[in-house]
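Enquirer: structural data only, the sequence is not supplied:
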């Protein structure tokens, strides 16, 4: 049993972290020293408990945390969740590229037929996944462009209506 799940009283450290951070307000920083004293643990055990608690925080309390170096963990605002998702997506893209490099640059002469087939299958699957992500990003960028163009039209129309109302009020005043 890892330290994050080891009982501290009647609850695990992970469960205690979920309770502490789950009750914290958005944009609040929960300090390492607070967590260390409550969990009766050192920094690395606190980090393990917080990392173990992150999925539970998201599911139970719809909260996410980010590390604030040498200070603690900040509860992010709901508007920041998308930014965190984009960061994780970029990490996954880099990880997939490294993974593809590993299977593309293997010395096939040293592999058995079964291993060669497995590596080829993995390379094909990873390449397909990267291609899907690329096409999805292109589609998302196109949609974002259309949304931005629509927003500009709405803003311009609102300005036009305001100008027409002002002109009408001026005419009615005469």
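Expert: All right, it came through fine. These numbers were taken from a predicted model, which means no experiment stands behind them.
Enquirer: now stretch 90-106: buried residues?
Expert: For stretch 90-106, a neighbour-count test (16 or more other Cβ atoms under 10 Å) marks 99, 100, 103, 106 as buried. (C-beta placed from N, C-alpha, C; glycine too.)
Enquirer: how far off centre is the top helix by length along the chain?
Expert: Criterion DSSP state H: the longest helix present in the chain is helix 113-173. Taking Cα atoms, centre = their mean, to the nearest Å, the mean C-alpha location of helix 113-173 is offset from the chain mean by 19 Å.
Enquirer: can you check stretch 26-39 too?
Expert: The answer for stretch 26-39 is 21 Å, by Cα atoms, centre = their mean.
Enquirer: how about it: buried residues?
Expert: Within stretch 26-39, the residues that qualify as buried are 30, 32, 35, 38, 39, counting by 16+ other Cβ under 10 Å.
Enquirer: in CSV, list those residues along with distance to residue 167 and secondary structure.
Expert: Output for those, formatted as CSV (distance: Cβ to Cβ, whole Å; DSSP: H, G, I helix; E, B strand; the rest coil):
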residue, distance to residue 167, secondary structure
30, 56, strand
32, 62, helix
35, 62, helix
38, 65, helix
39, 67, helix
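Enquirer: of those residues, closest to residue 146?
Expert: residue 30 (40.6 Å; Cβ to Cβ).
Enquirer: my guess is that closest one meets residue 21, correct?
Expert: Yes. Counting by Cβ atoms under 8 Å, residue 30 touches residue 21, with 5.7 Å between them.
Enquirer: overlap in contacts of those two?
Expert: The contact sets of residue 30 and residue 21 overlap at 65, 73, 75 (Cβ atoms under 8 Å, 6 or more residues apart in numbering).
Enquirer: any chance of those residues in JSON lines, with neighbour count, distance to residue 117 and pLDDT too?
Expert: Converted to JSON lines, those look like this (neighbours: other Cβ atoms under 10 Å; distance: Cβ to Cβ, whole Å; pLDDT from 0 to 100):
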{"residue": "65", "neighbour count": "23", "distance to residue 117": "43", "pLDDT": "97"}
{"residue": "73", "neighbour count": "26", "distance to residue 117": "45", "pLDDT": "97"}
{"residue": "75", "neighbour count": "21", "distance to residue 117": "48", "pLDDT": "97"}
